[in-house]
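A.B. asks: 3D, please:
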Amino acid sequence: MNKAVINREVVYAYDALKDAGIAEGNKIAKTWRGQISTFGAAVTMGSLIAAVAFFSSQGGADVKRQQLMDAILRILKQEKEDAANCATLFDYVKTQGDKCREDVLDAAIALKLAMNLYQLVD
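C.D. replies: Next comes the predicted model:
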């Protein structure tokens, strides 16, 4: 975890939440915080590519988890030139391998912190 990177990425994350359709006006559903926390834990405890693949599908989730992956990719595109040509976060992780693990986690943390700038609703 790189605090300087996360601090810089919070600004990008704020906009990414809107652009990915997670934030509606100045509100975010509380379920998004739970999903991003679960994603971070899945990456930390398991495989990066498996976590991204799992969160790239809807499954039985209450929210469209793919939007979180889109938001993370939007943040990475601001920071990493390699991400600019990728259509999905899975594509980025597939090409970069495990060396992008910290970058993805930093972006996920920035996203979770940026959620605090919105009103959380049920």
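A.B. asks: so residue 102 is in which element?
C.D. replies: Element membership for residue 102 (DSSP states H and E) is helix 101-115.
A.B. asks: So what's the gap between that helix and the chain middle?
C.D. replies: Put simply, helix 101-115 sits 6 Å off its chain's centre (Cα atoms, centre = their mean, to the nearest Å).
A.B. asks: for the next helix or strand after that helix, packing partners?
C.D. replies: Where DSSP H and E defines the elements, the next helix or strand beyond helix 101-115 is strand 119-121. Contacts defined by 3 or more Cβ pairs under 8 Å, 6 or more residues apart in numbering; DSSP states H and E place strand 119-121 against strand 27-29, helix 30-45. All C-beta spots, glycine's among them, are computed from the backbone N, C-alpha and C.
A.B. asks: among those, which is nearest residue 105?
C.D. replies: Comparing these by their distance to residue 105 (Cβ to Cβ), the top pick is helix 30-45, with 5.8 Å.
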